[in-house]
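Undergrad: coords please:
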Amino acid sequence: MNRLAQKSALALVGLSLIGTASLASRPTDVSKVERGRYLVAGMACNDCHTPFVMGPEGPHPDMQRALTGHPADLAVPPAPDLGQGPWLSAALATNTAWSGPWGVSFTANLTPDEETGIGLWSEEEFIATLRTGRHLGRGREILPPMPWPSYGQLSDEDLGAIFAYLKSLPPVHNRVPAPRPPAAAR
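TA: Now for the predicted structure:
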């Protein structure tokens, strides 16, 4: 295959995988983004960061709002009283808000929106977040059910690929509520 044919084939693959012509023209970015897409799918990021909707076969992620986090326009009622019994936590039907002894946590907007998502984050801040369990690697704690201790075990290369994939998504403006501490959860 000649060089022009190779570039054209790579561009078509890149466009079909991520829909971004600017990334498709840079082979190393395409492969890094594709690796990130694979990791995000395999690590079930959409299970919490994409709101669920009810379908004929039950709840499923609404891929029209992929990785946008808890819907900003969804009012969340007071958390249920979980008491001292066997229940530890409860989730909203969208699977984007969780209540437990930590209070109420809301899944983050992982799209590259600069105001409400990760658009202004650096790759280093993203990696530090998953390594330390702190927002931007230095801020507030990342709350359950986010399994940051497990994800933080990934290599810098894999976390960088996840970040590259997330940054390749269309930015979606969706301001997720701040976590509620236990006293304010009810």
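Undergrad: Number of residues surrounding Ala41?
TA: 11 (other C-beta atoms under 10 Å). In short, each C-beta sits where N, CA and C put it, glycine included.
Undergrad: Quick check: Ala164 is in a strand.
TA: No: Ala164 sits outside any strand when classified using DSSP: H, G, I helix; E, B strand; the rest coil, being helix.
Undergrad: three-state assignment of the spatially most central residue of the chain?
TA: Using C-alpha atoms, centre = their mean, the residue of the chain that lies closest to the mean C-alpha position is Leu110, 4.2 Å off. Following three-state DSSP, we place Leu110 in the coil state.
Undergrad: On the pLDDT front, check the closest residue to Met54 other than its chain neighbours for me.
TA: Of all residues not flanking Met54 in the chain, Ala93 sits nearest, at 7.6 Å (C-beta to C-beta, 6 or more residues apart in numbering). On the pLDDT scale, Ala93 is placed at 93.
Undergrad: I'd say Ala93 and Pro51 touch.
TA: No: between Ala93 and Pro51 there is no contact under C-beta atoms under 8 Å: 9.2 Å.
Undergrad: So between those two, which is more surrounded?
TA: The neighbour count for Ala93 versus Pro51, taken as other C-beta under 10 Å, is higher for Pro51 (26 against 12).
Undergrad: The closest residue to the more buried one other than its chain neighbours and Arg175: what is the separation?
TA: The shortest distance from Pro51 to any non-neighbouring residue, by C-beta to C-beta, 6+ apart, is to Thr94 (4.3 Å). Distance, Thr94 to Arg175, using C-beta to C-beta, to the nearest Å: 15 Å.
Undergrad: So if I had to pick from the two, which one is more boxed in?
TA: Thr94 (22 against 14).
Undergrad: you'd agree that one is in a helix?
TA: No: read with three-state DSSP, Thr94 is coil and lies in no helix.
Undergrad: mind starting the numbering at 480 from now?
TA: Let's use 480 as the start, then, which means that last one is Thr573.
Undergrad: Let's test this: mean pLDDT of stretch 595-613, rounded?
TA: Rounded mean pLDDT across stretch 595-613 is 98.
Undergrad: Could you check how far Cys527 is from Gly521?
TA: Using C-beta to C-beta, we find Cys527 at a distance of 14 Å from Gly521.
Undergrad: and if you look at Glu604?
TA: As judged by C-beta to C-beta, Glu604 and Gly521 stand 23 Å apart.
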